[in-house]
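# any chance you could fold what I've pasted below:
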Amino acid sequence: ERAGDGYVMELAIPASAETGLMPREGSKIGLRFEFRSVKGDEGLWGTVFERYSFVDVTLGAKPQLSLLKRVHRPSASTAKLGITLVTSNTGNVPVYDVSVEDVIDESAFKVLSGSTAAEYAKVAPGDSKALTYTLEALAPVADVYALPPATARYEDGAGREQETRSNGVAVHAGVAPDGRPLLVVRKTHSLGEDDRVVTGITVSNVGGGLATDIEVTGTVDGTAFALLSGSPTASYARINPSASESMTYLVRAVKPGAYVLPTASVEYRDQHGRRYVSTSRGTTIASIAAPKPPARHALYLLVVALMAIPAIVALFLLRKPVRAESQPNPPDLAWRVVERSTEAIHELRQHG
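Model prediction:
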C-alpha cells in the first residue's frame, strides 16, 4: 500500500476451490493480483489494472528409484570383472536414506577393490549415483556364473520404505589369467526316436593360451542307459584360443522315466605343462516315454500268426479219415507246415 499516492494492492484468497478442473502435470498455475487506484477514503472510483504471476506445481508425487547392474571385463585374458551399480531417481520427488547392497558368491569370487555397498542421504529427481568395485574369479573357473541382482532401499518422502532390485548378469567368470588356456565343457542332449538320446559334448577354449593333451571324458550310467553308437570319450592334440571341438554319442534308456545325465570333464595342459581340469554341468531329461514296438516287430508277430493258421488246419485234418490215396498224409502235412513256420520265424530273427 502506498498511502501517499492512493494505491492499494488486494490479494483475494478464496475460502474454497473447485476440483473439477485439474491442470496437467508440469503445467503452471497463475495467481491474479488486482491493483486499484483510489482517492481519499471513499473508494468509489479509480483505475483497476491486473497483473499475473505463475508458479510451477507438482501434481501426484511419484518417488521412483531404478538400479542398473553392469559388468565390464578389461581383457579377454583376465579373470577380473568390473562391476558398476547405477542408482537413478526416475521419479519427480527426491528420495532419502538410500542404501545399495550387492551380494557376492565368495566361493567363486573375491573383491579386489571398492565396496559392494553404499549409502546416499538424498537422490534428487533426475540424479544418478554410481558404485563401482572389482571382482576376480577364483581361477580357473570354467563355468558360467549368474551374478544375482543388487538391492536398493530408500524412503519415499512420506515415511514409507521402498525397495527395488537391479538386473542380474550371466558371465563366463573364470577366464584364465596370464594368457593361459581355459577349456569350458558344455553337455547337451536331444531326444531321438522312442527311448534314444543323442548326447553332445562341446569343449571351447575361452582363455588366452593354447591347450594341449586334451582328454574328454563323458560318463554313461550303465544302470540307466545302454551305449548304442559313438563314444563318450575323446582326445585332441590341441585347441587354440577361441576354437572348439564337439563330439556326439547315442544311448538308449533302459526304462521310461526322468534322468539326470552326469557331468563331463576335460583334462588339459598349458604350454608350460601345467595340468588343469574343467567340468560341465549335468543335464536333466524331464521324461523319456516308453518305447513303441517297431514296425519289424509288428510284422514278425503277423507272420507268426499267419503261419499258425495252416498248422491248426493241418492238425484238424488229423481227425478226419483219408478219402484218397493221392492225398498227402495229414501228419506229414502238419509237420511240414510247422517246420516251414519255424524256418520263417528263424529267418525273420536273423534279419532283425
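# elements contacting the helix or strand where residue 250 lies?
In this structure, residue 250 sits in strand 244-253 according to DSSP states H and E. When contacts are defined as 3 or more Cβ pairs under 8 Å, 6 or more residues apart in numbering; DSSP states H and E, strand 244-253 packs onto strand 196-205, strand 211-217, strand 225-230, strand 233-239. Just so you know, the C-beta spots here come from the backbone N, C-alpha and C atoms, and that holds for glycine as well.
# partners of the residue nearest to residue 83 when sequence neighbours are not counted in the sheet?
The shortest distance from residue 83 to any non-neighbouring residue, by Cβ to Cβ, 6 or more residues apart in numbering, is to residue 133 (5.5 Å). Note on residue 133: beta-bridge partners by DSSP bridges are residue 83, residue 114.
# could you give the angle of the strand holding residue 250 to strand 233-239?
Strand 244-253 and strand 233-239 are oriented at 170 degrees to each other (axes from the mean of the first three to the mean of the last three Cα atoms, to 10 degrees).
# what mean pLDDT does the helix or strand following strand 244-253 get?
Toward the C-terminal end, the helix or strand that comes next after strand 244-253 (DSSP H and E) is strand 257-261. Averaged across strand 257-261, pLDDT comes to 76.
# so which elements touch the helix or strand following strand 257-261?
Moving toward the C-terminus from strand 257-261, the next helix or strand (DSSP H and E) is strand 265-269. For strand 265-269, the elements it packs on are strand 183-191, strand 211-217, strand 275-279, judged by 3+ Cβ pairs under 8 Å, 6+ apart.
# need the contact partners of the shortest one.
Read it as strand 275-279. Defining contact as Cβ atoms under 8 Å, 6 or more residues apart in numbering, one finds that strand 275-279 is touched by 140, 142-143, 181-185, 263-270.
# residues near the nearest residue to residue 112 once chain neighbours are set aside, how many?
Leaving aside its chain neighbours, residue 112 sits nearest to residue 134 (4.4 Å; criterion: Cβ to Cβ, 6+ apart). Per other Cβ atoms under 10 Å, the neighbour tally for residue 134 reads 15.
# need the contact list for residue 134.
80, 81, 82, 83, 111, 112, 113, 114.
# give me the buried subset of those.
80, 81, 82, 83 (16 or more other Cβ atoms under 10 Å).
# of the residues you listed, just say which sits nearest to residue 248.
Of all the buried ones among the contacts of residue 134, the one with the least separation from residue 248 (Cβ to Cβ) is residue 81, at 33.3 Å.
# is it true that residue 68 touches residue 165?
No: contact criterion Cβ atoms under 8 Å: residue 68 and residue 165 do not qualify, at 10.8 Å.
# low-confidence stretches in the stretch 51-200 of the chain?
Residue ranges of the stretch 51-200 of the chain with pLDDT under 70: 51-60, 74-79, 139-146, 170-178, 193-194.
# which residues in it form strands?
Applying DSSP state E, counting those that start in this stretch to the stretch 51-200 of the chain gives strands spanning 65-72, 80-89, 95-101, 109-114, 117-123, 128-137, 144-147, 151-155, 161-165, 169-172, 183-191, 196-205.
# quick one: the last one to strand 211-217, angle?
Spelled out, it's strand 196-205. 160 degrees.
# now do the third one
For strand 95-101 against strand 211-217, the angle between stretch directions is 90 degrees (the same axes, to 10 degrees).
# partners of strand 95-101 in the sheet?
strand 117-123 (antiparallel), strand 151-155 (antiparallel).
# next one, pLDDT for the closest residue to residue 181 other than its chain neighbours please.
Leaving aside its chain neighbours, residue 181 sits nearest to residue 211 (3.7 Å; criterion: Cβ to Cβ, 6+ apart). pLDDT recorded at residue 211 is 92.
# is the closest residue to residue 233 other than its chain neighbours bridged to anything, and to what?
Excluding the flanking residues, the one nearest residue 233 by Cβ to Cβ, 6+ apart is residue 217, at 5.3 Å. Assessed by DSSP bridges, residue 217 has beta-bridge partners residue 233, residue 265.
# need the helices and strands packed on strand 265-269 in a markdown table with mean neighbour count, can you?
Formatted as a markdown table, these follow (neighbours: other Cβ atoms under 10 Å):
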| stretch | mean neighbour count |
| --- | --- |
| strand 183-191 | 18 |
| strand 211-217 | 19 |
| strand 275-279 | 15 |
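# and these as TSV, adding distance to residue 127?
Formatted as TSV, the helices and strands packed on strand 265-269 follow (distance: least, Cβ to Cβ, whole Å):
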stretch	distance to residue 127
strand 183-191	41
strand 211-217	48
strand 275-279	45
